[in-house]
Every structure is written in C-alpha cells, then in structure tokens.
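Participant: with the input below, show me the fold.
(2 chains)
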Amino acid sequence: MAILLVLFIPRAANDPSFFVQILVYGLANGAIYALIALGYTMVYGIIELINFAHGDVFTLGAFVSLPLIGAFGLTEGQSASLGLYAALLVIAIIVMLILGGVNVLIERIAYRPLRHAPRLAPLITAVGMSFILEGLMYIWRGANNIHYPDFLPAGRISLGGSASIGYKDLIVIALAVVFVIVLTTFINRSKLGKAMRATAQDQDAAQLMGIDINRTIAATFFIGAILAGAGGIIFGLYFNTVRFDLGFQAGLFAFTAAVFGGIGNIQGAAIGGLFIGLVKAYSDGYFTSQLTDVWIFSILILVLVFRPTGLLGMRVPEK
Amino acid sequence: MRLSKLLAGLAVASVALAACGTSGGGTANKGTIKIGVDLPESGAEASDGIPTLNGVKYAVQTAGTVEGFTIEVSNLDDSVNGVHDPQKGAQNLQQFVNDSKVLGVVGPFNSSVARAEIPISNRAHLAQISPANTNQCLTKNIYIPTTLGAPKDITCKDAGILAPADLRPTGINNYFRVATTDDLQGPAMADYAVDVLKVTKLGVASDNEVYGKGIADTFSAEFKNKGGTVVLRNDFDTKSTNDFRGFLQSAKSKGAQGIYFGGTDSNKGCVVRSQASGIFAVDTPYMGGDGLQTSQCLKDAGQMASGIYAAVAAPNAEQIPESASIISGFKTAFSKKDDFGAYTMPAYDCAKILIAAIKRAIQANNGNMPSREQVRAEVAKTSDFVGALGKTSFDANGDTSQKIISIYQAKGTPVDWVWVKQINYAAK
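Facilitator: Residues are numbered from 1 along each chain as shown, chains lettered A, B, ... in the order given. Presented below is the predicted three-dimensional model:
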C-alpha cells in the first residue's frame, strides 16, 4: 500500500488537472455501482439472501427501456427539450414498474418457497435466476454490444486546467444522491419502511405484531428493482453501450461494494459503490487495468480484516 | 484478356469433369466426401462466420462432383453464448475426426480456437485450412522477430504461448492458412501510421487475448522501430471494464495523436473509440487489426466511427481483376449484402485448395476414397494455386506465400469501410 502511494502521489501532484478528471470519472462510475449495490444490500438486509439475479435485473432495465424509447418516437440526436426529458421520465417510470413486477415474480417463484430451506438452496436458485435472465436477454437481443441512444446534454464545465465535468457526469452523480436520500428517508420514516426494519430484525416477532411478512419482502424486492431499473437506464444513457451479460460483472462489483460498506446498510452501499468506482478509475488512469481488481480486493480484504462488519457496520438480523 | 483465359479454363475444366462423369459408366456416384467447416455461426460473431461459411458453400457448389464423389459441407458452430469458444471448437473437431467421411476441415476463424483444435486434427492427420487465423505462434516459434527491432528473436515460449511443435503431437504438420500472420498485421499498421498518417505518439491498448495482445505487441515493436513513441500501454480485462476514458484521457495528456487497439469488436474494441468523444477530435486516427473491420464496430463507435483504420491480413479479392468473375458469380448465388464479408473469398480459396487436394489424392489412389493422410500430404504440396486471392503456395510451416496486408479506413456518409491500400511484405 505504501509503495502504491509513493508511486501515486508524485504523479498526482505533477498533473493535478488529470487527477481531478479521473476523480470525476470515478465518482460517476461509482454512482452507478452504488445504485446497484443498494438493491443487493436491501434484500440481504431483510432475508439474508445474496440475490445474484439483481445484476441481471439491472441489465434488464436497460433492455426494456430500448423498445420504449422507440415507441415514444425518441431518436438519437434530437435536440434536448423539456418534452424529451418528460418522455424519458415516463419511460423510466414504466421500466421501473415492469422490473418491479418481474422482481416480485422472481421472489414469488424462486425464493419464497425456499424461505425456510437451508441457506444454500435459495442461493443456488438465485444463481439460476441470474442465468435465466441472461439467457432470455441473449435470445431477445443477441450477443452484440447494443448501442444505447445518447440523450444527455453533451456540455462540460471546466474545473481548471484541462479537467472538466460533463453534464452527463453531474446528472448521474446527482441522481444517485437523490435515490440514496429518498430511500433512507423512506426506510426511516414510512410505515412500510418500519415494517421492513421490523421484518429484518425478527420475522416471527414482526408477524406477531401484525406485519404481513410476504407483502413486506415483496415490497423490498419491488424497491430493489426500481433502483436497478433506474441504474440500467442511467448506465445506458451514460455509456451508450449495453450487452446481455453486463449485469454479471457489474453485479459482482456492486455486491462487493455492499459488503465493503457493511451489508444491509444503505449509506454503506452508497459509499462502497463510490469507493469501487474511484479505485477503478484511478487504477485505470494511473496504472495498468490488469491490476485494478487486485487493488479493489486487496483494499477490501484489509478493510474486512480490521472491520469485519464493513466500513459502516452491518445491519442484519441478530441471531 | 486474362478474364477470357480464365473463363476458357473453367469451360475446359467443366468439360473435363463432365467427361469424367460419363467415362465412369454405371458407377457415376462413388459416395460422399465431407468438408468439415468450423466457424462462429451464432451470436456476436455470426457476422464474421456466416459470410465465411458462404465462401465454402459456393466453392463446393461450383466444384460439382469430384472424380465421381459428391462433396458435401458439414458445418459446426464453435460459439457458446454468442462468442467463439475454444472448448466448443475442440469438441467440433472431435466430431469431424469421428466421421470417417470428413477428409478435411476449413476453419476455424479465431486463433484461440485453432490452438485448441490443432492437436486434435493433428492426431487424426486431418488437414485443416483456416481462412482467417493470424496469430504467428500457430505456425512459427517467433513471437517478435529481430526485424521488428527486438535485440534477439522473442520466441512464443518466451512470451508464454505454446509453440507450434507443442500443438502437433505427431510432428507432421496438418494445419495451413491463407491469411498471413500477426507479426505482419500489427507492424503493417505501424508502417501506415508513421509513413502515411504521420503520427509519432500513440496510446496502445488491447483486450489482453492471444490475438489482441499479439498485434498490440508487434505493432508497438515496429512503431518504436520506426521512431514512434508509445506514450501509454494498457491491456484491459474488457469484460469488467466499462469506462475507458481514464486510459484515453491519460494518453491524451501524454501527447498521444491517436490510439491503437489490439482486439475484437466483441471485446469492446470500438466502444473504446466511442468513448474518445470529447477527449479526442472526430477523425483522430484509431487503429487496429482485422478484429475491428466489421459493421458492428462502426455501430459501436457511433458518432466517432469516421477515422478508424484496420489492417486485414489478406488481400482484398475485389482489387484483383482476375477474381471479378468469381465474386460476381458468388454474388449471383448469394445475393444479400450481408452474405459477403472480408473472409468470404479467403474461405472460398481454402475450400478450393482442399477440393483440389482431395481430387489429386483420389487420382493417386486409383479413383478410390483416399485416406486423410493422403489428402493432408496433397494439401501440403499446394503450389501456385490460382484462386480468388491470387496465387497461393504453402511453406513447410503451413503459412501462405502471400504476405499481403490490406488497410481499410472507415469514412464517408454513412460511414463504411473503404479499402485504401495494400502492403506486400513478400518482397521485403
């Protein structure tokens, strides 16, 4: 780690505007990881299941939005207008509702019947669901990289020197922040949020208090899918390329982010996502990209050795 | 003039074939000989595999019966989940080996697949001719030769890649190809970059696969040899990397006038280009090998498609006047635009070379079904075979005598691949 810093600091000081530029890329990438990580962390927090299919629900968000963009008559290159963004918002809401339905269905078919089965069984059905979703998307759109239309404004704001931040980057980061704040408020303040926290703490006691466990868990999956759907559309608009197996790697990093921040912890997932985005960006920018995963997981191991519950601590049922 | 000669030749050949058929008397059909074809036929690489398969099909259609035997195409798909898969290729080859009617194989498309297949076909003495493999280590044990400025030849073993001898357990070569090698494909683009595009500083990236890293390495060697500077080198795990702007920004800040990417479009080769938007100007040179020379690449690159240059390790048959009749014949038989691709004519030549060898083997075997070893030996003897790519001979390693690299540029509206130049390294 010391060697890393010795190598890194002089180069960063040498060209500060490059350092700032990479910071921007890292934050924007991290914001997308954070959105996916939130879905992992919520589901794990409530039923202690690593929902491997979550990354693919994220990809599905981008895939489902593509035909809707066509149906709304939006074409790449059309000038930015209020109508365009209103249409995108409507598309995003439709996608979120569809994905919410899909995710609730997945929970109903593959996880609920196994809720009292040994822990490994739902883990395997989750892996299975991940492959099924990937396979369906492959059959639907093939294995090509699919071009996703670019609708976000292209302008950039100078940050001094050659560094600049695009409106695109700003939008992605702002959306992630909004989602984290809304989600935290929802879980802390709303009745359903309270039911979710109660279910997470002790399912039997929650049921005795009159909480409908099945409905609460389904709601958790629904909200997770909304976040994944938003993430998928944002990813498409930001990178302009999607592919059927995108969710596998993105999901893996997002899950790592959730563990890093303390699984079950909303703010932790957001911070974990940003962290992974930043490490990836700096590693790709300053070192060779083959070392990127090495950095991420070395730091992860160090953090977990000293703080086994993650950076901000776990929020999972105490058994 | 030459065209008419060729047509006359074809006419004579068909008369001769017809004569063979009649002279055979009652035993008009002596049975079936199969040509195995292994290519990626589904998913992202179907746009490579299908036009290539069509070339073989057309060659077999126009060959008719050979010495009383019917020739049949037996094609298998080596892609899994839409991407070429060495294990699947090896299984396919095993299937060909188990079918006694298969006397030769055309394929595969990808060098990594060839690496898995050659040991299997080699044990069976089954001749295999690839239209598109370019990795130098499939036939030669030199990864980067001294001619590219290396102080001594860097062998495949030095680079951590299996040497040709390791792939051939019988010690007898059964693998041939009509495409030339990456130790020319990479450097050819370096020559073009320095001599024609006049760039001296570049960022180099690859998808870290055998093919992609190979051409990135040989490109860099020649580029430095010619006085250029590689300001930044990065080999990406393209499956886990979505954002290449850190690399692009870093290359730009170090003074790069363009980027060389060794790899394929399915490994995001042209997504990297699209992300250069806002960092590099449109039309800034972005160079690569034949892995980028696809229509999918232009789609992926989007607004930044113009200014991509790709080297392809084969001559462009459309530039050879004598081949015009073959191409027009093909386009009559396979009329859709997507039926014809960069490797259609190379595959046509592979199949024609194989059929010619089978014919000679039958004749040498008194008109009976020849053995695989006889066919393999006849393929190895191929000398000055006149096909759609010009004259082809095979050397002892199985490499083609044609050392021609074609350079293509993406330009125009709508942006499309345009042949700009060919560089012939046979004379050098």
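
Participant: now for chain A, the helix or strand with the poorest mean pLDDT.
Facilitator: Lowest mean confidence among the helices and strands of chain A (mean pLDDT, DSSP states H and E): helix A:2-14, at a mean of 73.

Participant: any part of that one near chain B?
Facilitator: No. Applying CB under 8 Å from any CB of the partner chain, one finds helix A:2-14 out of contact with chain B, separated by at least 10.1 Å. Where C-beta positions appear, they are placed from N, C-alpha and C, glycine not excepted.

Participant: which strands and helices sit next to that helix?
Facilitator: Other elements packing on helix A:2-14 under the criterion 3 or more CB pairs under 8 Å, 6 or more residues apart in numbering or on different chains; DSSP states H and E are helix A:266-286.

Participant: the helix it packs on to helix A:2-14, inter-axis angle?
Facilitator: Going by axes from the mean of the first three to the mean of the last three CA atoms, to 10 degrees, helix A:266-286 is angled at 70 degrees with respect to helix A:2-14.

Participant: and the helix or strand that helix A:266-286 is followed by, which residues are buried?
Facilitator: Moving toward the C-terminus from helix A:266-286, the first helix or strand encountered (DSSP states H and E) is helix A:292-306. Buried residues in helix A:292-306, counted by 16 or more other CB atoms under 10 Å in any protein chain shown: A:T292, A:D293, A:W295, A:I296, A:I299, A:L300, A:V303.

Participant: next up, the contacts around the closest residue to the fifth one other than its chain neighbours.
Facilitator: By that I understand A:I299. Among residues not flanking A:I299 along the chain, A:V279 sits closest, at 6.7 Å (CB to CB, 6 or more residues apart in numbering or on different chains). Counting by CB atoms under 8 Å, 6 or more residues apart in numbering or on different chains, A:V279 makes contact with A:G26, A:T292, A:W295, A:I296, A:I299.

Participant: what's the closest of these to A:V104?
Facilitator: A:I296 (32.2 Å; CB to CB).

Participant: so who does that closest one touch?
Facilitator: Contacts of A:I296 (CB under 8 Å, 6+ apart): A:F253, A:T256, A:I276, A:V279, A:K280, A:S283.

Participant: tally of neighbours for A:R189?
Facilitator: A:R189: 9 surrounding residues under other CB atoms under 10 Å in any protein chain shown.

Participant: hey, where'd the helices end up in the stretch 1-150 of chain A?
Facilitator: A:2-14, A:16-47, A:54-71, A:82-106, A:120-141 (DSSP state H, counting those that start in this stretch).

Participant: ranking the ones you listed by mean pLDDT, which is last?
Facilitator: Mean pLDDT is lowest for helix A:2-14 out of those, coming in at a mean of 73.

Participant: could you check the angle it makes with helix A:16-47?
Facilitator: Using the same axes, to 10 degrees: helix A:2-14 against helix A:16-47 is 130 degrees.

Participant: in PDB, list the C-alpha atoms belonging to helix A:2-14.
Facilitator: This file holds the C-alpha atoms of helix A:2-14, laid out as PDB (Å, rounded to 0.1, in the frame of the first residue of the first chain):
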ATOM      1  CA  ALA A   2       2.900   2.300   0.900                       C
ATOM      2  CA  ILE A   3       4.500   1.600  -2.400                       C
ATOM      3  CA  LEU A   4       1.300   2.400  -4.200                       C
ATOM      4  CA  LEU A   5       1.100   5.800  -2.500                       C
ATOM      5  CA  VAL A   6       4.800   6.500  -3.200                       C
ATOM      6  CA  LEU A   7       4.200   5.700  -6.900                       C
ATOM      7  CA  PHE A   8       0.900   7.600  -7.000                       C
ATOM      8  CA  ILE A   9       1.400  10.900  -5.100                       C
ATOM      9  CA  PRO A  10       4.200  12.500  -7.200                       C
ATOM     10  CA  ARG A  11       2.300  11.600 -10.400                       C
ATOM     11  CA  ALA A  12      -0.900  13.100  -9.000                       C
ATOM     12  CA  ALA A  13       0.900  16.300  -7.900                       C
ATOM     13  CA  ASN A  14       2.600  16.500 -11.300                       C
END
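
Participant: list the contacts of A:N51.
Facilitator: Contact partners of A:N51, counting by CB under 8 Å, 6+ apart, are A:G39, A:Y40, A:V43, A:Y44, A:Y111, A:A126, A:F221, A:G224.

Participant: look up how far B:G291 lies from whichever residue of chain A sits closest to chain B.
Facilitator: Across chain A, the shortest distance to chain B (CB to the nearest CB) belongs to A:A143, at 2.4 Å. To B:G291, A:A143 is 15 Å away according to CB to CB, to the nearest Å.

Participant: when these two are compared, which one has more neighbours?
Facilitator: Shown here are A:A143 and B:G291; by other CB under 10 Å, B:G291 has more neighbours (27 against 22).

Participant: quick check, central residue of the chain?
Facilitator: As the question left the chain open, I've gone with chain A. Nearest to the geometric centre of chain A sits A:I36, at 1.2 Å (CA atoms, centre = their mean).

Participant: ah, I was thinking of chain B
Facilitator: Most central in chain B (CA atoms, centre = their mean) works out to B:A132, at 1.3 Å.

Participant: show me where the stretch 101-250 of chain A has its strands.
Facilitator: Along the stretch 101-250 of chain A, the segments classed as strands by DSSP state E, counting those that start in this stretch run A:146-147, A:156-158, A:164-166, A:241-242.

Participant: dump those strands to a markdown table, plus mean pLDDT, mean neighbour count and distance to chain B.
Facilitator: Supplementary listing: the strands of the stretch 101-250 of chain A in a markdown table, determined by pLDDT from 0 to 100; neighbours: other CB atoms under 10 Å in any protein chain shown; distance: least, CB to the nearest CB, whole Å:
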| stretch | mean pLDDT | mean neighbour count | distance to chain B |
| --- | --- | --- | --- |
| strand A:146-147 | 88 | 20 | 6 |
| strand A:156-158 | 85 | 12 | 7 |
| strand A:164-166 | 86 | 19 | 7 |
| strand A:241-242 | 90 | 24 | 5 |
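
Participant: how about the residues of the stretch 201-350 of chain B that lie near chain A?
Facilitator: When proximity is defined by CB under 8 Å from any CB, the stretch 201-350 of chain B lies next to chain A at B:208, B:233-237, B:239-247, B:249-250, B:253, B:265-266, B:268, B:270-271, B:274-275, B:278, B:296, B:299-300, B:302-303.

Participant: of these, which belong to helices?
Facilitator: B:245-247, B:249-250, B:253, B:270-271, B:274-275, B:296, B:299-300 (DSSP state H).

Participant: beta-bridge partners for the nearest residue to B:E41 once chain neighbours are set aside, please?
Facilitator: Excluding its sequence neighbours, the residue lying closest to B:E41 (CB to CB, 6+ apart) is B:D77, at 3.9 Å. Using DSSP bridges, the bridge partners assigned to B:D77 are B:L39.

Participant: neighbours of B:D77, how many?
Facilitator: Other residues lying near B:D77 total 21 when counted by other CB under 10 Å.

Participant: isn't it up against B:S42?
Facilitator: Yes. Using CB atoms under 8 Å, B:D77 is in contact with B:S42, at 5.5 Å.

Participant: using the record's assignment, carve chain B into domains.
Facilitator: Residue ranges for the domains of chain B, per automatic domain parsing: B:2-180+B:317-397, B:184-312+B:405-424.

Participant: of those domains, flag the one that's most buried.
Facilitator: domain B:184-312+B:405-424 (a mean of 22; mean count of other CB atoms under 10 Å in any protein chain shown).

Participant: now it, how far from the centre of its chain.
Facilitator: 19 Å (CA atoms, centre = their mean, to the nearest Å).

Participant: pLDDT (mean, whole number) over it?
Facilitator: For domain B:184-312+B:405-424, the per-residue pLDDT averages 92.

Participant: what ranges do the strands span in the stretch 251-400 of chain B?
Facilitator: Here the stretch 251-400 of chain B has its strands, by DSSP E, counting those that start in this stretch, at B:259-262, B:286-288, B:308-312, B:385-387, B:390-392.

Participant: torsion angles phi and psi at the residue of the stretch 1-150 of chain B found nearest chain A?
Facilitator: Relative to chain A, the nearest point of the stretch 1-150 of chain B is B:G82 (2.4 Å; CB to the nearest CB). The phi/psi pair for B:G82 (degrees, to the nearest 10) reads phi 80, psi 0.
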